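1. Dropping a prediction and its sequence here:
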Amino acid sequence: MEFTAAKKDFASALAKAQGIPEQRNLASVMANILLESVGSDAVRLTAQSYEVTLVTVFPAHVSSPGRMALTARSLTDRARMLPEAPVNLSIMENQWANLSVGQRSSTIPGILPDNMPEVVPPSPTVEVMLPRALLLEMADRVGFAMSVDEGRPNLNGINISISPTETGATVDAVATDGHRLSWLSRPIETSAPVERVSAILHRKGVADLKRFLDGVEGDVKVGFLRNAVVFTIDTGYLLVRQIELEYPEFRKVIPSGFRFTVDMDREELVSAVKWAQPSISSDNKSPIIRLRFESGKAVVMARDPERGDANTSMDVAFEGEAFEIAYNNRYLLEALSAVTEQTVTLSIKGEASASLLTSPSDDGLRQVIMPVRM
């Protein structure tokens, strides 16, 4: 097999595959990327792991049809250093390949392509068209709250559910690690009836989804299988294993009956929390930021006997008895970063109960944060 492709097309396809092939066991067949000719003017790239499968097609001039399976790490490392010139890749007798671009050349290790696992095109039972922007919003504004605790596998991803409505459907995306929760709810219009469906998208696939959608425009076809979710565009698809467990009933943990609510300027609050960071000991596993509410103001502060204290006073519309509450500063910053509107509303029930962070201009995004007991 031999083909020549534009650098941007070749590099873009490899960028989508970054991180998918096996990284630790380089002897595994899944540590390789499969390249196959598609007629005389395209090449299909396939990258696999136990959680994710990527299939994408890019334009190329195929001078000799065939297949090659090359070590993903070597191929992607070289792709990062490609100059702006056509890329030529040709198979050698030992299943390695020669990569040449401009005045540069390199050999890439490979294996017999027949040893690669067979990829069966997915056949979803339910499909719906979702805007690319909505999928990226799920990853950026919800994904940070996914758990990394392998002992709670049902929390190791984003729970996506679609519910039919009179005018279309509602898409809900939720992630939680037990200490904080992010819930995004958005209405969509559909031209065809939508079935109720739900799946837990594995966290490994969330980062891969963002890379897959890079440069994509318009809607993405999202298909639900028994054990996976598949995202399909014109040039290919990304199949992500779903976690086949029950997701907790998250609506039950959304707090209500608040002691008080207060509107705050998001950028000012973020700046105040960051100002206090140098006073938080780096070896503290749960860095704490304190918020003290007094008449007409909120004081954001941090204290450490070795690094000193820091505080920032903010003007807020608060009246009543002074109240102090503490949060993990990273959790608070990540929740604030997910809310892009200028004003945020912090609703507090008590120093030992979950707090709710929302925005008056976006009722579809809720951030729940558990306080830290002082």
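-> It's in. Numbering: from 1, shown residues only.
2. same for the helix or strand encompassing Ala15, what does it pack against?
-> Secondary structure from DSSP states H and E places Ala15 in helix 7-17. The contact analysis (3 or more CB pairs under 8 Å, 6 or more residues apart in numbering; DSSP states H and E) places helix 7-17 against strand 42-48, strand 52-59, helix 72-79, helix 203-212. No exception for glycine: its C-beta is placed from N, CA and C like everyone else's.
3. What is the helix or strand that it is followed by packed up against?
-> Next along the chain after helix 7-17, taking DSSP H and E as the criterion, comes strand 32-37. Judged by 3+ CB pairs under 8 Å, 6+ apart, strand 32-37 is in contact with strand 42-48, strand 67-71, helix 72-79.
4. and the longest one, which residues are buried?
-> Taking 16 or more other CB atoms under 10 Å as the basis for neighbour counts, the residues of helix 72-79 that come out buried are Ala72, Arg73, Ser74, Leu75, Thr76, Arg78, Ala79.
5. distance of Val291 from Ser182?
-> For residue 291 the amino acid is Leu, not Val. Noted for Leu291: a distance of 20 Å to Ser182, by CB to CB, to the nearest Å.
6. Looking at these two, which has the bigger crowd around it?
-> Ser182 (28 against 24; other CB atoms under 10 Å).
7. just to revisit the earlier point, just put the helices and strands packed on helix 7-17 in TSV and tack on distance to Glu150 and mean pLDDT.
-> TSV is the format used below for those (distance: least, CB to CB, whole Å; pLDDT from 0 to 100):
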stretch	distance to Glu150	mean pLDDT
strand 42-48	22	97
strand 52-59	18	96
helix 72-79	24	90
helix 203-212	11	92
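8. Compare those and report which one is nearest to Asp362.
-> Proximity to Asp362 (CB to CB) singles out helix 203-212 among the helices and strands packed on helix 7-17, at 21.2 Å.
9. quick one: what helix or strand has the closest residue to Met92 other than its chain neighbours in it?
-> Nearest residue to Met92, sequence neighbours excluded (CB to CB, 6 or more residues apart in numbering): Asn98, at 6.0 Å. Asn98 is part of strand 97-101 when elements are defined by DSSP H and E.
10. can you give me the strands in the stretch 251-374 of the chain?
-> Under the criterion DSSP state E, counting those that start in this stretch, strands of the stretch 251-374 of the chain are mapped to 260-265, 288-294, 297-302, 310-315, 323-328, 343-348, 355-359, 362-369.
11. Average pLDDT for the longest one, rounded please.
-> Looking at strand 362-369 alone, the average pLDDT works out to 96.
12. quick one, it and strand 343-348 angle?
-> Using axes from the mean of the first three to the mean of the last three CA atoms, to 10 degrees, the direction of strand 362-369 lies 50 degrees away from that of strand 343-348.
13. quick one: the strand or helix carrying Asp172 to strand 362-369, angle?
-> In this assignment (DSSP H and E), Asp172 forms part of strand 168-176. Interaxial angle of strand 168-176 relative to strand 362-369 (the same axes, to 10 degrees): 20 degrees.
14. Rounded mean pLDDT for strand 168-176, please.
-> 95.
15. coming back round to it: list the helices and strands the strand holding Asn98 packs on?
-> So strand 97-101, by 3+ CB pairs under 8 Å, 6+ apart, packs with strand 87-91, strand 104-108.
16. Any chance of JSON lines for these, columns mean neighbour count, mean pLDDT and distance to Ile348?
-> Output for the helices and strands packed on strand 97-101, formatted as JSON lines (neighbours: other CB atoms under 10 Å; pLDDT from 0 to 100; distance: least, CB to CB, whole Å):
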{"stretch": "strand 87-91", "mean neighbour count": "20", "mean pLDDT": "96", "distance to Ile348": "57"}
{"stretch": "strand 104-108", "mean neighbour count": "14", "mean pLDDT": "93", "distance to Ile348": "57"}
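17. Determine which of those strands approaches Thr125 most closely.
-> For those, the distance to Thr125 is smallest for strand 87-91, at 37.7 Å, taking CB to CB.
18. List the strands paired with the closest one, with their directions.
-> Strand 87-91 pairs in its sheet with strand 2-5 (antiparallel), strand 97-101 (antiparallel), by DSSP bridges.
19. quick one: that strand to helix 7-17, angle?
-> Using the same axes, to 10 degrees: strand 87-91 against helix 7-17 is 60 degrees.
20. can you list contacts of strand 87-91?
-> The contact list for strand 87-91, computed with CB atoms under 8 Å, 6 or more residues apart in numbering, reads 1-7, 10, 35, 64, 66, 68, 97-101, 108, 110.
21. Output the below-cut-off pLDDT ranges for the stretch 201-350 of the chain.
-> Residue ranges of the stretch 201-350 of the chain with pLDDT under 70: 278-286, 305.
22. hmm, which of the contacts of strand 87-91 are the buried ones?
-> Applying 16+ other CB under 10 Å to these flags 1-7, 10, 35, 68, 97, 99, 101, 108, 110 as buried.
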